[in-house]
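**Q** got a predicted structure plus its sequence, pasted below:
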Amino acid sequence: MAIDVLVVGSGYGGSVVAARLAPHARVVLVERGRWWRPGDFPETVSDLCRAYRSARNPRGLWSVQLGRGTGVGLASAVGGSSPINYGITSRPDDHAFATWPVSAAELAPWFERARAVLRPEPDPLADELGDRRFLDLVEPGRRVDLENTIDWRRCTRCGRCVPGCNVGAKRALDETYLELALRAGAELRAETEVRALVRRGDDGYAVEVRPTGGGAPEWLHARTVVLAAGTLGTLDLLRHAEVPVGPRFGQDISLNGDALAFLHDVPYPLSGHSGAPISTSVRIPFVGDDGHTRTLMVMSGRVPRTAMRFAAAALGVLGALRRFPTAGDAWRRRLHDLRTVDEGGALSRTFMYKLDGEDSARGVARFTARGAVVDWPDYADDPILHFADQRLRAWAEAVGGTVVPNVARLPGMRSFSVHPLGGCRMGATFEDGVVDDVGRVFAPSGGVHPGLRIADGSIVPTSLGVPPSWTIAALAERIADDLVRERAKEETR
């Protein structure tokens, strides 16, 4: 039987497209990762190491791709990153869309449609954590509380949202869009990787797949193919496809201002030791040299449970190096903080400065034997990150504590992101972008390649300044609606 729509990738783009197309067409959803369920996720450092995806462990949960100056963390699972993230659902400020081919107003109904399926909720115990009071103190009037795709009734606050909830409280995509897709008849082929994509004239596309890690190849034929393998995955697939694309391919990649810093041992109770998910933030406006307003989002981060003892020790050492203790009591306190992760230690009074921000999107894709990487050697010097560093130091001057700045600046470290965006950016023309505003891939002729779309973070043309999952889902809702209407027109001809 012929496949009407083949969707590659089951994250926030692919799951949405599959869910909306399945009632109208035969949809096959291909995902290279396995289906990780509650009880399967790693809980110790050794478990986490064993879950690393590599040539020897192709069904692993996570991996890292290292470029010049950057590293990108990737998930490989049914549901994309949704099983292992904090489930933060946040919409960008309107100015983030100023240069897009589709406006914030045009996207608004698609955000609401995605929200109705994702069903995010605010943390009912957020007031008890101390973070809100601290942010109101250092950034009055700028606090923006967050919503998470978490069933709070089941949440035990174990601190293991990352790398995966073993108690079943995470409302990942397999409980939302994927469930809708499968219920409507979509076929999910997990642990299956795409090896080639070839245009077959007016008959659509031939797609070579095989079991993840090796096995007999198989060719699938589909009239429409939707690439939603995540930013680096889609870049890899399109790079090797026999489909010519525009000159902006692999350019204009944003790391979404991702960075990590700490304000250590402040004289206020915080939640650095708490198992609660990230539930509050501040949004701070920043005006760059070009006169454009950008947003810096500072979230009250959480050290994952598996890393708490390491974090307490590392921050204790770094804090001592930056503010050398002198008296005997101070030394005893520092030694105590090296191993204490409960309310008695400095970790409980440490603000984990988890950043997203509107960076300048100057990353470039480079293709290696292991796949696409992002080169951006001076990412740590992006204006938004310098602004973030200044803001954190101002907090320290106001309330005390020791600044442990952007960890990418420490010896031997580099910048890491889990939110790479762009590389197949939306644009108005072949010269301006790789896809149009509904994900159709531009052709050199001036039209588009029939039956080929992209619906993931790679089409986002600028940094968002907030976690991108909701935006990707909204874009995919709009793309899926256009595909449904396109199919309806074809059936009436």
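**A** That came through, no problem. Residues are numbered from 1 along each chain as shown.

**Q** for Arg195, which non-adjacent residue is spatially closest?
**A** Nearest residue to Arg195, sequence neighbours excluded (Cβ to Cβ, 6 or more residues apart in numbering): Glu208, at 4.4 Å. For glycine as for every other residue, the C-beta is placed from the backbone atoms N, C-alpha and C.

**Q** now do the SS call for that neighbour.
**A** Secondary structure for Glu208, judged by DSSP: H, G, I helix; E, B strand; the rest coil, is strand.

**Q** identify the bridge partners of it.
**A** Ala196, Trp219 (DSSP bridges).

**Q** need the pLDDT of it.
**A** Note on Glu208: pLDDT of 96.

**Q** and for Gly301?
**A** With respect to pLDDT, Gly301 scores 76.

**Q** go on, Trp62?
**A** With respect to pLDDT, Trp62 scores 96.

**Q** low-confidence ranges, the protein, go.
**A** Applying pLDDT under 70 to the chain picks out residues 1, 271-275, 304-346, 410-413, 493.

**Q** where do the helices of it begin and end?
**A** Along the chain, counting by DSSP state H, helices occupy 14-21, 45-50, 104-118, 131-138, 177-183, 231-240, 308-322, 328-337, 383-399, 469-492.

**Q** what about the closest residue to Leu255 other than its chain neighbours, neighbour count?
**A** Nearest non-adjacent residue to Leu255, counting by Cβ to Cβ, 6+ apart: Ser417, 3.7 Å away. With neighbours defined by other Cβ atoms under 10 Å, the count for Ser417 comes to 24.

**Q** same check, this time on the one 5 residues further on
**A** Neighbour count for Gly422, taken as other Cβ under 10 Å: 29.

**Q** and His386, how far is that from Leu392?
**A** Note on His386: its distance to Leu392, by Cβ to Cβ, to the nearest Å, is 11 Å.

**Q** how far away is Leu227 from Asp290?
**A** Distance, Leu227 to Asp290, by Cβ to Cβ: 32 Å.

**Q** these two: who's more crowded?
**A** Each of Leu227 and Asp290 has its neighbours counted (other Cβ under 10 Å); Leu227 has more, 30 against 8.

**Q** contacts only, for the more buried one.
**A** Val8, Gly9, Thr234, Leu237, Leu238, Leu452, Arg453, Ile454, Ala455, Asp456 (Cβ atoms under 8 Å, 6 or more residues apart in numbering).

**Q** ok, now with 7 Å
**A** Residues near Leu227 by Cβ atoms under 7 Å, 6 or more residues apart in numbering: Val8, Thr234, Leu237, Leu238, Ile454.

**Q** show me which of these are buried.
**A** Val8, Thr234, Leu237, Leu238, Ile454 (16 or more other Cβ atoms under 10 Å).

**Q** is the first one bridged to anything, and to what?
**A** For Val8, the beta-bridge partners are Val30, Leu227 (DSSP bridges).

**Q** residue contacts, it?
**A** By Cβ under 7 Å, 6+ apart, Val8 lies in contact with Gly14, Val30, Val194, Val225, Val226, Leu227, Ala228, Ala229, Leu237.

**Q** over to the third one?
**A** Contacts were defined as Cβ under 7 Å, 6+ apart; by that measure Leu237 touches Val8, Val194, Leu197, Leu227, Ala229.

**Q** number of nearby residues for the third one?
**A** By that I understand Leu197. By other Cβ under 10 Å, 21 other residues sit near Leu197.

**Q** next one: the second one
**A** Other residues near Val194 number 24, with proximity taken as other Cβ under 10 Å.

**Q** quick one on the thing from earlier: how close does the residue nearest to Leu255 sit to Asn85?
**A** Using Cβ to Cβ, Ser417 is found at 13 Å from Asn85.

**Q** buried set for stretch 90-97?
**A** By 16+ other Cβ under 10 Å, the buried positions in stretch 90-97 come out as Ser90, Arg91, Pro92, Asp93, His95, Ala96, Phe97.

**Q** repeat that for stretch 215-223.
**A** Neighbour counts over stretch 215-223 (16+ other Cβ under 10 Å) mark Leu220, Ala222, Arg223 as buried.

**Q** all strands of the stretch 351-493 of the chain, in order?
**A** 351-357, 364-368, 371-375, 402-404, 415-417, 440-442, 448-454 (DSSP state E, counting those that start in this stretch).

**Q** among those, which comes closest to Pro468?
**A** strand 351-357 (8.6 Å; Cβ to Cβ).

**Q** note down every partner strand of that closest one and its orientation.
**A** strand 259-264 (antiparallel), strand 293-300 (antiparallel).

**Q** what's the angle from the longest one to helix 383-399?
**A** In this structure, strand 293-300 runs at an angle of 50 degrees to helix 383-399, with axes from the mean of the first three to the mean of the last three Cα atoms, to 10 degrees as the basis.

**Q** could you tell me the angle between strand 293-300 and helix 131-138?
**A** Using the same axes, to 10 degrees: strand 293-300 against helix 131-138 is 140 degrees.

**Q** show residues contacting strand 293-300.
**A** Looking at what lies outside strand 293-300 - Cβ under 7 Å, 6+ apart - the contacts are 93, 95, 131, 135, 271, 278, 280-288, 351-358, 384, 387-388, 465-466.

**Q** ok, 6 Å please
**A** Here strand 293-300 makes contact (Cβ atoms under 6 Å, 6 or more residues apart in numbering) with 93, 95, 131, 278, 280-287, 354, 356-358, 384, 388, 465-466.

**Q** give me the buried subset of these.
**A** Buried subset of the contacts of strand 293-300 (neighbour count, 16+ other Cβ under 10 Å): 93, 95, 131, 278, 280-284, 286, 354, 356-358, 384, 388, 465-466.

**Q** columns distance to Ala473 on top of the contacts of Leu237, output as a markdown table?
**A** Formatted as a markdown table, these follow (distance: Cβ to Cβ, whole Å):
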| residue | distance to Ala473 |
| --- | --- |
| Val8 | 17 |
| Val194 | 22 |
| Leu197 | 24 |
| Leu227 | 16 |
| Ala229 | 16 |
